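Colleague: Whatever this is, show me its structure:
(2 chains)
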Amino acid sequence: MTTLTERPRGARRLPGPRPAASGPARLRALLAWHALLAVALAGLLIGAAVAGFGPRGTSGTVIGLLLVALLAADIAALPLLARRRHLGRVLSLAVSYLGFLALALLLLQEIGAFTGLDALGATFIRGVPFLIVALLAFVAGGIGERGDLPGPLARPARIVALVALAGMLIAVGLLPALLTLVQRLADPVALGLLAGVAVFGFFARMAWSERTADDFATTSTQREGLDGLLYVSPNVLGFLLFFVGPLLFSLYASLTDWDLFSTPVFIGLDNYIQILSLDVAAGGELREGFREVLSAGGLTVGARDPLFWISMRNIAVFAVLAIPLAVLPALLIASALNTKVPGMRIFRAIYFVPTVAGVVGVTLIWKQLFNATVGYVNYGMSVVAGWFGATAPQPQWLSDADIVLFSLVIVFVWQYIGYNTILFLAGMQGLPADLYEAAHLDGASGWQRFRYITIPQLAPTTFFVVATTGIFALQLFTESVILFSNFTPPGSGPNNAALTPVGYLYQEGFQRFSPGYASAVAWLLFFVIFAFTFVQFQRQRAAAEGV
Amino acid sequence: MRDRLRWVALLCVALLALTACAGGEQAADEASEPAAGGSEEGTAAAGGEGGGEGGEVSLRWRTRPDNQAEIDVYSEVSTTVDEALDNVTLEYEPGGSETSQYQDVLRTELASGTAPDVFWLPGTDIADFATRGLIVDLREQAEASDSYAGDEAYYPGPMEFLTYNPESGESGESLWGLPRDVSTFALYLNLDLIEQAGAPDPRELAANGEWNWDTFRQVAEAVNGVSDQTRGFAVNNWWANWGLFVNAAGGSLFNADRTACALDSEEAQEGLSFLQGLYEDGLVVPYGEDGEPPWLAGQVGMFLNGRWATPGARSGADFQWDVVTPPEGPGGIGNWLFWGAYVVNANTEHPEEAFELVTQLTSPEVQTQIAELGTNIPSRVDDPAIQEQFLTYTPPENNQAYLDSLEADPVSEGPLWEGNWTEYDAAAAPLIQQVLAGEQSVEDFAAEVCGVLDPTFQATR
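Modeller: The predicted model follows:
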């Protein structure tokens, strides 16, 4: 219900003169708040710069930049608020809301809430019996319920459930926790943060309120837009904080010489130049600082960082072998499984098992199977060869530099073929049956139906399967590290024959104290994966347009 | 009704969140613990208040145990030491095993300021951590401590490195930690297989002074002849294994002051040639394959490994087994002295208490307690009773083999104070692999190797 002075939500403001100002007190309060905040932020920044307090290094720079951005938004909001512009309200809300969130997180950190979650995880088990009692009581309370009429046990069950819930809270440590919380909040820093949270929260609420929206003559579209932004803000902020932030930081780190412990030193593109520098010598010697990566037909290719190129060569060979072997058989298996034979669901589940099995555990088992002297793979080969009176070769699956990539391909294919099969199967089950019926009536054979209906119709699924398998292949890490854990460095395999780009960046980042260099490797790998996916995407689009 | 239920559920969740905010009883305890934090520059101490109620100091410490039995013993040790130290509360946290990248995790934790106050480090990593300012020079604390037994109470090999001052280049000045234990290589013998092969008992050969590369090879050949499945010898594929043969030939991985590569020396080539010959003749489990499974499966006569392999042999070997010192080469046994040390996080707020913890963890009582596991050898030399006690922990019967190696001037493993051990190791491994796989001659290897390894003695990339 609306009054004459109010405009119903969703109604657009009629053109004409602005309505008389309402709520000048709110406006004055917001203006005063932002003016005060601007002074405080400016004072804080100037004080930090002059007196040198606050965090230093990269984190100090990042915090400083964020505060400058907040100050800029705050100052920009002032004139817009005074003129009652919607943008001013948006800026006001953004500043107060973000300040509220930042201070709330700081407060939680200050009072140890995050480590408290771990502690709660440890003590929660003590409350589980009470929780079970509460749930049982809840279920018992519903017995005999008819519509709105409660059952005969409803009241006692409710009491039992409430008592059990209270018992659970006490068992997990609510009472001492409350005591601790009060003690921690008595700390001046915590109290200051709490006050800050309250103030920022108050003004955020004020800027968001319906009345303020009316004061600013906000249209329904603007209201909905702002509400929508607020609703998605937890996700967006999480995305910015935990994905975009680290991504940008790694880009910055890739331009630095950094050992993880000291202040990063900006060196521009030196890391990239070091990684990508190549030298080709026809018969002669490579330039100083270059080591051989490839030699063929009298031509020697050298690199400043041969390990990077060796890892790229390895992963290229691996991908060429692994992607088709993980995709094509999956397509055939999916076709075989796409029937209504009894028990087919069991087979589908079996094929999916490797996907849900833990990579580390599965790879450890493969490592035992591949052992050249006591592994079951070579033993099995001997037994089978023995049936035919022959002697089987005994490959050194994990120690022969010429074979180790095949061992990795076997493990990878075994692991992903089931996943791809399920994807193809899902795609096939979505294909229109009338196409097959028509083809059948036209006399098309099974192969023709598969070749001219299934494969073209599955193109979007195939694109997805090839792209994801390719990305997984190019990012190969865990399998090589586990299979070749006994090599130096772990995962590199004999003569670096199993070294992958991700394995190499791990070595650089976590074993050689060079996270800046490792970040540069990571970005180069990103461009390779991006190029691979882009080509797939273009092919898919071209195929779709062709159809 | 449903609304009321929703409110009750919401209230419960809110109260649980509130409980988490303070962390319940456990968090209240933890509030008094100082996580050894650190700033980004890794210099200033950060973290909690440092002291709890009544001035109680909490310290976290970590080792790299190999199995649950070791975790149990270290947990027990933690309780014992906790009781022995006044006003100190200990929290023991087992680090990952060797294959789960113990040091990598530690580096990350040090960078983020969450590493424990005291932790164990392999000897080869000490220099890297010390020169980056990640661990404390404890000399000052040692001089002020009543419980410190002195540098000479421990094996001199590790102490030479642990007391090295990188600024002056002299040993006996700094103190980067105290050795937890030591170990040497021994040959783990499958006595049943050796007897079946009709080969002489290596223990007797050693007792008669006849245990050398020739007799070693004879035993390996005899065992190899038992069946197509058996091999005379097995080694794992890391630096100390091939390094033993380099040492035994009178060579070395480094020059005398460990500032340059020496793998191109004639002695080093002789050692590698001998080992390469064993591989060429098929007497050894292929290089790169884990040697332990075939040895435990009873298919290998002699398996080179450290004392740490003893628990696995005790539980896994289904045959008669014992140990013997590695055979003498032209330059002697050339055994390694492996060691690791307890060190103190540079960001700890309690270096004095942390040092006291280190002294307690390396006390004779604790060392004896840990040695009982069979994993390693106590690092103390000031009390003969410790060594005598060690000899009683059987099997293997011939524990004396380890002590003999320790007395035969073993080469102490790393670290490289002038260089980067990780880089050296990573660069050497593929070159050695090529030699032992027969893909490169020892002569070609010698011509190339120091050109590749010498740059790793420079600090910059």
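Colleague: Okay, strands next: where are they in the chain?
Modeller: No chain specified, so I'll use chain A. A:256-257, A:265-266, A:278-282, A:291-296, A:299-303 (DSSP state E).
Colleague: wait, chain B
Modeller: So, for chain B - with DSSP E - the strands run B:37-38, B:45-46, B:57-63, B:88-94, B:118-122, B:178-183, B:185-190, B:231-234, B:300-306, B:321-324, B:336-344, B:377-378, B:411-412.
Colleague: can I get these in JSON lines with mean pLDDT, mean neighbour count and distance to A:Asp305?
Modeller: In this view, the C-beta of every residue, glycine as well, is placed from N, C-alpha and C. Formatted as JSON lines, the strands of chain B follow (pLDDT from 0 to 100; neighbours: other C-beta atoms under 10 Å in any protein chain shown; distance: least, C-beta to C-beta, whole Å):
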{"stretch": "strand B:37-38", "mean pLDDT": "37", "mean neighbour count": "22", "distance to A:Asp305": "31"}
{"stretch": "strand B:45-46", "mean pLDDT": "33", "mean neighbour count": "16", "distance to A:Asp305": "36"}
{"stretch": "strand B:57-63", "mean pLDDT": "93", "mean neighbour count": "24", "distance to A:Asp305": "34"}
{"stretch": "strand B:88-94", "mean pLDDT": "92", "mean neighbour count": "18", "distance to A:Asp305": "36"}
{"stretch": "strand B:118-122", "mean pLDDT": "95", "mean neighbour count": "24", "distance to A:Asp305": "27"}
{"stretch": "strand B:178-183", "mean pLDDT": "93", "mean neighbour count": "25", "distance to A:Asp305": "36"}
{"stretch": "strand B:185-190", "mean pLDDT": "97", "mean neighbour count": "26", "distance to A:Asp305": "35"}
{"stretch": "strand B:231-234", "mean pLDDT": "96", "mean neighbour count": "26", "distance to A:Asp305": "35"}
{"stretch": "strand B:300-306", "mean pLDDT": "96", "mean neighbour count": "26", "distance to A:Asp305": "34"}
{"stretch": "strand B:321-324", "mean pLDDT": "97", "mean neighbour count": "24", "distance to A:Asp305": "43"}
{"stretch": "strand B:336-344", "mean pLDDT": "95", "mean neighbour count": "25", "distance to A:Asp305": "31"}
{"stretch": "strand B:377-378", "mean pLDDT": "88", "mean neighbour count": "25", "distance to A:Asp305": "41"}
{"stretch": "strand B:411-412", "mean pLDDT": "92", "mean neighbour count": "18", "distance to A:Asp305": "32"}
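Colleague: tell me, how many neighbours does residue 199 end up with?
Modeller: The chain I'm using is chain A. 17 (other C-beta atoms under 10 Å in any protein chain shown).
Colleague: Hmm, no, I was thinking of chain B.
Modeller: B:Ala199, neighbours per other C-beta under 10 Å, totals 22.
Colleague: Next one: the residue lying closest to A:Val521 once chain neighbours are set aside from chain B, what distance?
Modeller: The shortest distance from A:Val521 to any residue other than its chain neighbours is 4.1 Å, reached at A:Leu505 (C-beta to C-beta, 6 or more residues apart in numbering or on different chains). Distance, A:Leu505 to chain B, using C-beta to the nearest C-beta, to the nearest Å: 13 Å.
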